[in-house]
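>>> predicted model, plus sequence, below.
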Amino acid sequence: MRSYSPLVLLTGTLLASVALAQAASPLTLTLAQALVKAVTVDGKTTEQLSASPKTVRPGDVLSQLVTARNTGAKALTNVTVRLPVPKGTTYLKPETAMDTALSNAKAEYSVDGGKTYAAAPLKKTITVLENGKSVKKEVEVKPAEYTNVRWILPRIKSGKDLKVGFRVQVN
């Protein structure tokens, strides 16, 4: 079984986050990654997060969590945070262990490398053969096809931070 360094998987992600933070001063973005493990305690299965794993293997699940911090004196509004799905992984679902203040954050997804975004469920048009004729049909895009995620954070108060993220599986 092959193992990978998460740093290799996330190089592009980190560079994108740094670029966003510099472009949106006084906003700082910090990416944290954790290996998600299922553990059994007293007969109950729970999740355990291991921060900054040294290696990951195919099938491992990783939590990608971005902390957006407002270091300025005024509240920031309509802050956009973008995060690509790391190469060598497949998007699974939104991260649920997040700040409850994000209940009104708007998540949008991309299947074209971040060129276009839309709210889930995403749709695409495919051509199928029905009764000997080519017919175009609109179908739902599977989350595993997502390449990027962006969030619109309505408000980050001065000195406060909000967290957004998702989970991926190592290919």
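Nice, I can see it. Residues are numbered from 1 along each chain as shown.
>>> which residues does W151 bridge with?
Legend: beta-bridge partners of W151 under DSSP bridges are V81, A107.
>>> burial count for it?
By the criterion of other C-beta atoms under 10 Å, W151 has 22 neighbours. Where you see a C-beta, it was placed from the backbone N, CA and C, and this is true even at glycine.
>>> just checking, what's the longest strand in the chain?
Ranked by residue count, the top strand of the chain under DSSP state E comes out as strand 27-41.
>>> okay, now the sheet partners of it, with direction.
Strand 27-41 is paired, per DSSP bridges, with strand 44-51 (antiparallel), strand 61-70 (antiparallel).
>>> and it, average pLDDT?
Strand 27-41 carries an average pLDDT of 92.
>>> swap in stretch 94-111?
For stretch 94-111, the per-residue pLDDT averages 75.
>>> same check on stretch 116-126?
For stretch 116-126, the mean per-residue pLDDT is 94.
>>> then stretch 53-63?
94.
>>> quick one: end-to-end distance for it.
11 Å (C-alpha to C-alpha, to the nearest Å).
>>> do you have the helices of this protein handy? List them.
Remark: helices assigned in the chain by DSSP state H are 6-23.
>>> burial count for A51?
By other C-beta under 10 Å, neighbour count at A51 equals 10.
>>> quick check: it touching A34?
Yes - under the criterion of C-beta atoms under 8 Å, A51 makes contact with A34 at 5.0 Å.
>>> go ahead and confirm G59 touches V168.
No - contact between G59 and V168 fails when scored by C-beta under 8 Å: they sit 11.5 Å apart.
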